[in-house]
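*Asks:* with the sequence up front, the predicted model follows.
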Amino acid sequence: MRHVANRGRTCEEDEARARPEPQDAPDRGSGHTGQLIATVLRRALTEPGLWQHVPGRTGLAEAWVEEVLRREPPVTTWRRVTVRSAELGGVSIPEGAQLLLMLMGSGSDPTVFPVPERMRPYRTNVRHHLAFGVGRHRCPGASPARTEAAVALRIAASRLSGVRLEEGGTESPMLGLPSFRAPLGVTVSR
């Protein structure tokens, strides 16, 4: 057991304190999934011609969800602390440095995503974003969140054909916290 600078507690003690109770575990991430669904629906309604094609085109809803995750992930930043000194882009980062990683920028790199500002649902590398993390920090709810968002889009587009965003709907009020971003609602009309 290794002691760290956490008021004398061990890593294992801190992890035990941070673990949710089993009855709380199913709710973890559900707010983020709701934020993802709201963003997916709003973006689909603002993309010319997309809404009416979602119900009939196999894979379009899933591809659209990935593009939205690439451009507008519901979790926009991660806070991390370096465990050892490192150099990134020519900048020295000391051990113990507090970092704020900006995830929204990860989907905008033109060396990874050609014409990154355009929504292109069938990019071959569309999953090369960081919306759900990587490695040991990968979100365990990534697959269910993707599925829920695609199903919500497909059902909404099939049952609400012919709807459009309410006037001013592209500028709906947003949840704009430092780590989270999503529309607070998606208002439509026929």
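*Replies:* Received it, and whenever you're ready, just let me know what you need.

*Asks:* could you find the closest non-adjacent residue to the most centrally placed residue in the chain?
*Replies:* Residue closest to the average C-alpha location in the chain (Cα atoms, centre = their mean): residue 73, at 2.7 Å. In this structure, residue 73 finds its nearest non-sequential neighbour in residue 131, 3.7 Å apart by Cβ to Cβ, 6 or more residues apart in numbering. The way it works is simple: take the backbone N, C-alpha and C, and place the C-beta from them, glycine included.

*Asks:* check what pLDDT that neighbour gets.
*Replies:* Per-residue pLDDT puts residue 131 at 88.

*Asks:* compute the number of surrounding residues for it.
*Replies:* For residue 131, the neighbour count with other Cβ atoms under 10 Å is 26.

*Asks:* torsion angles phi and psi at it?
*Replies:* Here is the backbone geometry of residue 131 (degrees, to the nearest 10): phi -60, psi -30.

*Asks:* again with residue 181
*Replies:* Backbone torsions of residue 181, given as degrees, to the nearest 10, read phi -150, psi 130.

*Asks:* check the one 4 residues further on too.
*Replies:* When read as degrees, to the nearest 10, the backbone of residue 185 gives phi -170, psi 160.
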